[in-house]
Structures are given as C-alpha cells and as structure tokens.
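Asker: below: sequence and its predicted model.
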Amino acid sequence: DNRDDNMIWWCVACVVVALVVHRYVLAMKRKNVFKESFKHYPKPPYHWLLGHLPTVLKVAKTRLYYFDSLMDDGDSDTMAFVPSSLGVIGTGALITRDPAVVEHILKTRCDVYFKTIRGSRDVGLDLLRDWLGNGIFSIDHGKYSFDQGKSWFAQRKIAANIFTRGNFKSFMRDTFVNRTESLRTILNSHCDKGDVFDLQKLFFKLTMDIFGRIAFNVKMDTLGDKADLYAEAQDGAHDCLVKCMQGEGAIPLLAVTTLLPPVLDRLGVKIVRKVHPVLRAFDVHVQNQNKYTKDLLHKWRQENTSKPSEEGNKDQNHSACDLLTLFMNAGSDEQGSTLSDDLLIDIFKNFFLAGRDTTACLLSWTFYIFMTNPDIYEKAKQEVHDQLQGDLPTYNNVKGLAYVHGVLYEALRLYPPVPLDPKAAAVADTLPDGTVIPVDTLVQYFPWGMGRSKRLWQDPLEVKPDRWFPGGEGDKKTNFEFPVFQAGPRICLGKDMAIFEAKVITSMLLQHFTFTIEPNQEIRPSRTLTMCIDGELLVKAKKR
C-alpha cells in the first residue's frame, strides 16, 4: 500500500514538474519573440527570472517620470517591456508618446487594438473587467470583438443623446450650479473658521453628487456627509482595486494561479478571492453597487410603466435628461436585443468612473496650478469678473472664459486624468516604424509623456494658458498629439460636458474665494485608475 501511495505521489509530482517545465519553455519562447521585436526600443533593467518587475516595483511611486526619462535617455518616443521567464507577469508591452503610433492604434488600426488580452491573462485587467463588466469603456469594439462591436456601438449611440445643447443649457447647467452652491456653503464655513481642509476631497464629493443627478436623476448629498450606498460602493471598489495593483499581495497571488492548468486556474482564483481581505472587500463593494442599481431600475419601471403614454413618446429617448431614462427608454440595442439589467448595471459603473472621477481630478490639478502660479490665478479671477459681471455662469457666458479654458487645458496637458491607456493587439500587427507587434501585445499610449515632450511642446513644463488661444500651439494640436480625450472612433463622448462642468465650477469658486495651499505638502500624482493628487490637497480659503 505504501508503495502504491508513493507511486501515486511520484506520478503527481512528475505531472506538476512537467506542466511547470512546459509553461517555462513556452514563456521563454514568447519572451524571445518580444525581445527580437522590441530590440530597438529602450527598456528598464531586466532580471533573468522576474523580468522588469523588480524595476517597476522600485520606481512605482515615480513611474510616470521614470518612463519619460527612459525615453528621453534612449532618444525614443517608445519604450518596451519584455515578458518574464516565469510567464506569469504580464505580456509584452510598449509605452508610446509617438503621435504616429497613437494615430495607428486609435484610428488607422483601431479594430485591432482594444481592452481584452486574448491568449494570455493579465490579472489586473481581469479584476477591472470583473468590476466594470461590459460597459462602454471596458467592452471591446471592432470586428475582432466577441460581437463585432455591436454592444459598444449601441451604448455609444444611446448615450450620445444626453450630450445635447438643450441639455447643457438647462438640466446640466442647473445641476452644476446647484451643487456648487452647496459647496459654497461648506467653503464659507471653512472661511469663517479659518481652518485647513482637503479641497480635493470636496471636489470628489461635488462631482459624485453632480453625476448622481445626471446618471440616475437621484439627489445625492455626499457634500452634506449624507451616506449613499452607491457612492460608498463606487469609491470602495475603486480603492480596493488600486490597493491590489499597488502591491497589497493580491496581484502576485492571482498571478501564480496562471501557472495552473485550465479549470484549476479558475479554482485558484476563486480561493484567492475568498481568502484575501482586500479582494473580499472588493467583491462586497461590487455586489452593493450592483444591488443599488438593480433596485433603481426596478423603481424606475414601477414609476414609469404605470404612466399613460403620451403622444410623441416614441422620441422621448432623445429628450431625456438623465442616462437612466435614456437607456431605459431605449430598451434594446441596434439589433433589437433587450438591454439586460446586468448590462445596464455595467453601463452605469463605467459612466460613473469616467464622468465623475476625471472631472474631480481636473479640478484638483487646476486649483493646484492656480495656487502655485499667483499671476495666472489673478488673471483668471479678473477674466471671470470681466466676463460674468457677478452673474451665475451659463452655457453662453462661460464661452468667453478663454484664459480659464487655457488653464484647464494646461492642467489636462500636464496632469492628464488617464496618464496611461492600454490597448491589446487582437492579432499580429506592424507599427508605422516597422516594428512587428505580436498578438496580445499591450500598446499603451502615454498622455502624461506626450504633454511633457519637448518634441511636441515649447517649454513643456511651464504653465502657459495662452497656448490654447486661437492659433496657439495647443489649439493646433491634433487629437493624436493631445489624446487626453482619446481619439478616433472611441473619442470621449463627454468631452464638452466635462469642460463645461469644470468651467462652471471654477468660475463660481473664482468669483467668491481665494485659496492658498498649505506649505510642506508633497504633491505628486496618484497611482489610481484616474490620476488625482496622491493623498490630500490641503488648503485654506478666504472670501472675496
């Protein structure tokens, strides 16, 4: 019996060793393919077993500056990563600030480059997919996607109906002003007390309340410190995801599961998700977010199906003010397929991440620029005074805020909300410079590096709002030279709304307050999905 038991264990050990060796051999072959393809690009130092991982972890807090300097030192606008010999730490990847490559992946060959890595797993992207599901920003487009891009196209077409001039002038403008008035009340209290507070935290609460109204037509009041399940779940899921990606132990554990054979690897993922505290919390937040939205969908149906239809209701999806009403009235996609509750839940999570977080990041960096550039701050205040004459901002009068517009765009250039945006090659491809791109290569365009490139900008590290005046160098840039709002078919639908919202909020705050930044703060970019200021933006405020 003992000999039989020993024989079984020897067989199991041999199978495991064979699988590991097989995986290692495949990883070595794949590594060599990428090594040959990317031989002309600068790369971080490479560990014989762990690849670039030790270097990436070492420079994690300053990675954006590091990537930029590596390209500068290598006299290149593209840098490369080669997979590790272990085969569990990512696929081959490029980071590029070359406008020709950006145009190639976002326009010329956009059908080839999307979010999903097909032949190899990226555990970080797997977690992101678990959260955002099949919403507009995470779902694939084009002929190589699972449905040839039909769902992405349908979501985009429906959502486009909210970004109308009429909606800007009324519902959106009123929402922006109303919630900013609530922020004014809070800021007045801080002025009276003379205390120090976190301005960035207030911006995130403000944009949460605004987007709760625009997405769901729900009057959230996180500015008033009223608990909101959706807001807590959205922020909680995001924070857990960031912790995982910043080395809280979850990503390495999940990466090890990729060594396992099919079926067993999924079992390994389930076990890690059950035992790791951050992943357990992540799953709870996602479940809460899903439940909140499902309850809201049910409530909407109860309130609207009981209402008698009115003449002309067939066009109601084109005049709806909020995203919930738009998608519920649409009912189905282009092919007549019903928009399921699960898909609607994913859609709203995607829009919340893009519509709320990015604007809060933009506002935080804009006021950081104001407070660290007194001359620019004073010119912006004077312009708001001259153009608005003490009136509340409207769709029409903020168009005259050319200087404020320039400051906002300088904030976007120097501190883009999405500093790195990855796209995966669905099939093998060739870049404009002749580089062969193996299937599943991540090609990441680099708005942070592009905004600071001496090849693209004069005095790139200086804040010059007049770059964006008509005829200025910023005004002349193509979307591929300044891809902060993406470019090509996936260019941001909410671009004009985001800028309008930022102008309304900024002008109201410039009318009524002067902010000063607290000294001795280390202001640096966060490593979150959308790049805000890491930690807090501590300030004092005075009434004007």
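Answerer: Yes, it's here.
Asker: alpha carbons only for contacts and neighbour counts from here, please
Answerer: Noted.
Asker: neighbours of the nearest residue to residue 250 once chain neighbours are set aside, how many?
Answerer: Nearest non-adjacent residue to residue 250, counting by CA to CA, 6 or more residues apart in numbering: residue 244, 5.3 Å away. Neighbour count of residue 244, defined by other CA atoms under 10 Å: 18.
Asker: so how far is residue 422 from residue 244?
Answerer: Per CA to CA, to the nearest Å, residue 244 is found 18 Å from residue 422.
Asker: and the strand or helix carrying the residue nearest to residue 250, what does it pack against?
Answerer: Counting by DSSP states H and E, the element that carries residue 244 is helix 229-245. Contact partners of helix 229-245 among helices and strands, from 3 or more CA pairs under 8 Å, 6 or more residues apart in numbering; DSSP states H and E: helix 123-132, helix 250-257, helix 277-305.
Asker: in CSV: those helices, plus mean neighbour count and mean pLDDT.
Answerer: Formatted as CSV, the helices and strands packed on helix 229-245 follow (neighbours: other CA atoms under 10 Å; pLDDT from 0 to 100):
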stretch, mean neighbour count, mean pLDDT
helix 123-132, 18, 80
helix 250-257, 20, 69
helix 277-305, 16, 90
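Asker: out of the ones you listed, flag the one nearest residue 208.
Answerer: Between residue 208 and the helices and strands packed on helix 229-245, the tightest spacing by CA to CA is seen for helix 277-305, at 14.1 Å.
Asker: I'd like to know which elements the closest one is packed against.
Answerer: helix 229-245, helix 264-275, helix 341-352.
Asker: recalculate using a threshold of 10 Å.
Answerer: Secondary-structure packing of helix 277-305 (3 or more CA pairs under 10 Å, 6 or more residues apart in numbering; DSSP states H and E): helix 123-132, helix 199-216, helix 229-245, helix 250-257, helix 264-275, helix 323-330, helix 341-352.
Asker: can you tell me which of the ones you listed the model trusts least?
Answerer: Ranked on mean pLDDT, the bottom entry among these is helix 250-257, at a mean of 69.
Asker: which of the three states applies to residue 167?
Answerer: Assigned by DSSP: H, G, I helix; E, B strand; the rest coil, the conformation of residue 167 is helix.
Asker: dump the helix holding residue 244 to CSV, restricted to CA.
Answerer: Extracted in CSV, the C-alpha atoms of helix 229-245 (Å, rounded to 0.1, in the frame of the first residue of the first chain):
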residue,chain,number,x,y,z
LEU,A,229,-24.7,53.3,-0.8
TYR,A,230,-23.7,53.8,-4.4
ALA,A,231,-21.1,56.4,-3.7
GLU,A,232,-19.6,54.3,-0.9
ALA,A,233,-19.6,51.2,-3.1
GLN,A,234,-18.1,53.0,-6.1
ASP,A,235,-15.2,54.5,-4.1
GLY,A,236,-14.7,51.3,-2.1
ALA,A,237,-14.4,49.1,-5.2
HIS,A,238,-12.0,51.6,-6.8
ASP,A,239,-9.9,51.8,-3.6
CYS,A,240,-9.6,48.0,-3.3
LEU,A,241,-8.7,47.7,-6.9
VAL,A,242,-5.9,50.3,-6.5
LYS,A,243,-4.6,48.6,-3.4
CYS,A,244,-4.4,45.3,-5.3
MET,A,245,-2.4,46.9,-8.1
